[in-house]
Each structure stands twice: as C-alpha cells, then as structure tokens.
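Asker: okay, structure incoming, though there's no sequence with it:
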C-alpha cells in the first residue's frame, strides 16, 4: 500500500462537510466585528474614566519623582505594575499577570521580547478544550504593549509557529505569551494565561489578582496548571 | 447578499470536504478538524478581499494552526506520560485495533512538522518547493521531515514490502 493509499484510508474517517458552514463562519465574523467595536468603545471609556482619578492623584502626589516616572516601575518578583495614566484597567491587569508568570517561569531571567498571541484562547490552561480564538482588540493590544514596556518590548503575533526555531525555542531571547479570557469583577480579576520559552519551558496557570491602591497584584492562583 | 459572501459560500461548498480531510490528517482528531477548518475559514473570510488564492491561504492557515495546536498537545503528552509520546506501547502492538485506528495513532504520534510534511507531500501531492512555501521552511527541510515521518509511520504501521504483501495475502 502506498503512502497516498494509507492517507486516503485514514481520510475516510474525516468529518463530512455540513450545510450551513459558510453561513456560520459569516455570522461569526460579523459577531466578532461587532464585539470588537463594543470592546474598543468600552476600553476607551474605561481608560477615560481611569485617567481622571489617576491624573488627580498624580497632581496631588507629595513625591515629584512618581509624576515623572517614565513608563512605570516594575517589581517582577511581586508581580505588580505601577504606571502613569494611560492603559486601560484590563491591560494593567493582564500586564501584572504576564509579568508575574514570566518571572515565575525562569527566575531572574530578563526577557528581551514578549511575543503575545493576538487572540485569546479558551484552552490556555485546560488544554483538553479547543482554543475557540477571540481576537484581542487593537486598543487593548496597544494598551498592553504600553503597560509591559518597562518589562519588555511586546510584539503581537498570530501564532507561535513563526517565533520558534527548529528546536522549538522562542527566538530572540523571548517568551511566547498566550492570554486567556480575563474575568474582571470590581477590584479582583481571574486571568488564565500561559508563558512559554521553548518546547520544554513553559507554564500555564489561572491567576487571581486584586487591585490595591490602583495597582494590580497577583494574590494567588486557582484551578489546574501545567508546566513543561 | 454581497458578492463577497456569495463567493465565499461557493468556495466553502466546493472545498470544505477536502479541507476537512486535510485538517483531519493534520490533527488526527475529529472534533479538532472541524474546529480547525471553521477557524481557518473565519480568517480566510475576514481577509477575502486581499487574498488572491483562497485555497492556498486556507491551507496555510490550516497547517499553521494545526502545528500550533499540535505542539501544545505534543507537550501535554510529554507531561502526562513517562514514555516518549511517539513511542507506541510495545506490549500491545494494536492487535485489537483495526487498520485505520493503527494508522491514525501512528500519524498522530509524529511531531507536527513531520506530520504536516508527510501530508503535504503524499496526500496533497505537492513537490518539495510548493510544500516548503506552505510550511514556511526550506525544500530540504521538507524532504528530511518527510523522510523521517515516513520512516516512523512505516515502523509504527509496519508497511514494509514483505508485510504489505503478507497482509494482502491474508485478505
């Protein structure tokens, strides 16, 4: 039996094409566009609302150095992020989680770049599920890049195939970040995410965060986790 | 109904069966193949106006996403088992499974790159240059990945000429 015949034999078990597949795809694309627009508007509104009290707080700050902090300060071991007004609350929470987990992955390592997948996945931690990708809105991408700038430059990529070398190591001394769907509830958040630097270098966890004094901090984790 | 939607519907009607078979060969999973094709078609639809060859584009997306997903599953198998994932259980070499189950397991045991190369070369009948363009690597890499993948597939499925002849005789 030739290789082609073997593969044809296997392909007989493939799913059959179902009617309505094209319509499902078109409807999903339209729904994603609408949701993207709504999320962008919501992020812009949150950023605007957050900017006002932060601006007032900076103005009243007794420490002029805090006002002139360029892009913020980072304490990677505690997973906190303090920034001047700008990125949305969602972006700040994501950034705190990314810094925490990236710091946990390889203690003390300085990542030269972070490659963030440009869509969230439902299976970031529980890998028995399908990804069911949802694009990350452009505004959130920009805010997240701003929030993480003190930690490492951020590039958004559509998949991690092109950022791996032949040994599956992430290129340019970087780490690949896959974000799950964050759940914000007032001053607390639940964030699944994964950080990888190679075929046997990675971890995924669902982090719990709390905002204290305007700063998002990782307070714990929940549920399953994976390490490779 | 826009012209884009109509063109897209026609493309899906004509090509979805082949795309599902390709996705199934790439990921070896029934539900995964459906997800893979739907996600690839979603990306294709969103870029429809800018794509000159939808077939080529959606194949590239399938291969890329399947490789991403395959690497995650590959690592998951490494975490869950003390044995290398591509090693099959020597105590029970598929005596109870039928031919297609054995083949599916053997194909899934290949690393994503080798699996994709084997499928590109021997199911899509692409030459090394065309396969390399889809897989974003060099033709030499395609050749070596295909050779390694076929060696493992033959070893796992036991399709040496003598065993293939014996099987035909038994049938």
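Answerer: Perfect, thanks for sending it. Only a predicted model underlies this, so the values are computations on that prediction, with no experimental measurement involved.

Asker: surely residue A:18 is in a helix?
Answerer: No: Residue A:18: not assigned to a helix; according to DSSP: H, G, I helix; E, B strand; the rest coil it is coil.

Asker: and the gap between it and residue B:62?
Answerer: Counting by C-beta to C-beta, to the nearest Å, the separation of residue A:18 from residue B:62 is 17 Å. Using the backbone N, CA and C atoms, a C-beta is placed for each residue, glycine as well.

Asker: the most centrally placed residue in chain B is in what secondary structure piece?
Answerer: Closest residue to the average C-alpha location of chain B: residue B:26 at 1.8 Å, with C-alpha atoms, centre = their mean. Residue B:26 belongs to helix B:3-27 when assigned by DSSP states H and E.

Asker: next: residue B:60.
Answerer: According to DSSP H and E, residue B:60 maps onto helix B:54-80.

Asker: how about the very next helix or strand once past that helix: buried residues?
Answerer: Going down the chain from helix B:54-80, the next helix or strand is helix B:99-108, by DSSP H and E. Applying a neighbour-count criterion of 16 or more other C-beta atoms under 10 Å in any protein chain shown, one finds B:102, B:103, B:104, B:105, B:106, B:107, B:108 buried in helix B:99-108.

Asker: pLDDT value on the first one, please?
Answerer: I take that to be residue B:102. Residue B:102 carries a pLDDT value of 76.

Asker: please parse chain B into its domains.
Answerer: The record's domain parsing of chain B by automatic domain parsing lists B:1-72, B:93-171.

Asker: quick one: stretch B:12-27 to chain centroid distance?
Answerer: 10 Å (C-alpha atoms, centre = their mean, to the nearest Å).

Asker: and chain A, which of the buried residues of helix B:99-108 contact it?
Answerer: Filtering the buried residues of helix B:99-108 for proximity to chain A by C-beta under 8 Å from any C-beta of the partner chain leaves B:103, B:104, B:107.

Asker: quick revisit: okay, residue A:18 and residue B:62: which has more neighbours?
Answerer: residue B:62 (28 against 10; other C-beta atoms under 10 Å in any protein chain shown).

Asker: show me the contacts for that one.
Answerer: For residue B:62, the contact set (C-beta atoms under 8 Å, 6 or more residues apart in numbering or on different chains) comprises B:19, B:22, B:23, B:26, B:36, B:37, B:40.

Asker: for residue A:46, which non-adjacent residue is closest in space?
Answerer: Spatial nearest neighbour of residue A:46, excluding adjacent residues (C-beta to C-beta, 6 or more residues apart in numbering or on different chains): residue A:88 at 4.9 Å.

Asker: and for residue A:131?
Answerer: Per C-beta to C-beta, 6+ apart, closest to residue A:131 is residue A:121, 4.1 Å.

Asker: that neighbour: how many residues sit nearby?
Answerer: By the criterion of other C-beta under 10 Å, residue A:121 has 24 neighbours.

Asker: isn't residue B:19 right next to residue B:39, touching?
Answerer: No: using C-beta atoms under 8 Å, residue B:19 is not in contact with residue B:39, being 11.4 Å away.
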